[in-house]
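# return atomic coordinates for the entry below.
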Amino acid sequence: MKQAKGFFGRRKNVWTVAKNAVEKAMSYAYRDRKAKKRNFRALWIMRINAGARQEGMSYSQFMGKVKASGIELNRKVLADLAMNHPEAFKAILNKVK
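Below you'll find the model as predicted:
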């Protein structure tokens with residue numbers, strides 16, 4: 001019942017309904033901890049792709065050249081640079097061209 005605190009209606013105070021609601025919530029929580037990682041990776045890829053395409057290069061070409069040139073920045077950092085520091089991202093892009 002403690003885990004059903006904050007639920008709406010009978011889900012918070014009727015044992016069988018609350019038990020089912022908590023079990024369902026736990027399964028969603030487990031599933032979405034995995035999905036969160038996928039969602040963030042997809043977001044980073046979209047941001048890198050947008051930054052690279054502004055300079056006339058596709059995402060796959062850019063990432064291939066980044067790996068080949070030995071730049072060890074992950075997608076999270078590259079996406080942050082593309083969004084918040086476009087001049088730094090452009091410098092990386094010019095270095096790998």
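# can you tell me the closest non-neighbouring residue to the residue positioned nearest the centre of the chain?
Geometric centre of the chain, nearest residue: residue 40, 0.4 Å, by Cα atoms, centre = their mean. Using Cβ to Cβ, 6 or more residues apart in numbering and skipping the chain neighbours, the partner closest in space to residue 40 is residue 76 (7.7 Å). Every residue, glycine included, has its C-beta placed from N, CA and C.
# the one you found touches residue 45, doesn't it?
No. Using Cβ atoms under 8 Å, residue 76 is not in contact with residue 45; the gap is 10.7 Å.
# buried residues in stretch 43-56, which are they?
44-45, 47-49, 51-52 (16 or more other Cβ atoms under 10 Å).
# Provide the contact partners of that stretch at residue level.
If you take Cβ atoms under 8 Å, 6 or more residues apart in numbering as the criterion, stretch 43-56 is touched by 58-59, 61-63, 75-76, 78-79, 81-83, 86, 89-90, 93-94.
# rerun at 7 Å
58-59, 62, 75-76, 78-79, 82-83, 86, 89-90, 93 (Cβ atoms under 7 Å, 6 or more residues apart in numbering).
# again, but for stretch 18-36
Counting by Cβ under 7 Å, 6+ apart, 1, 3-4, 7, 11-12 sit against stretch 18-36.
# among the residues you listed, which lie within strands?
Using DSSP state E, the subset of the contacts of stretch 18-36 located in strands is empty.
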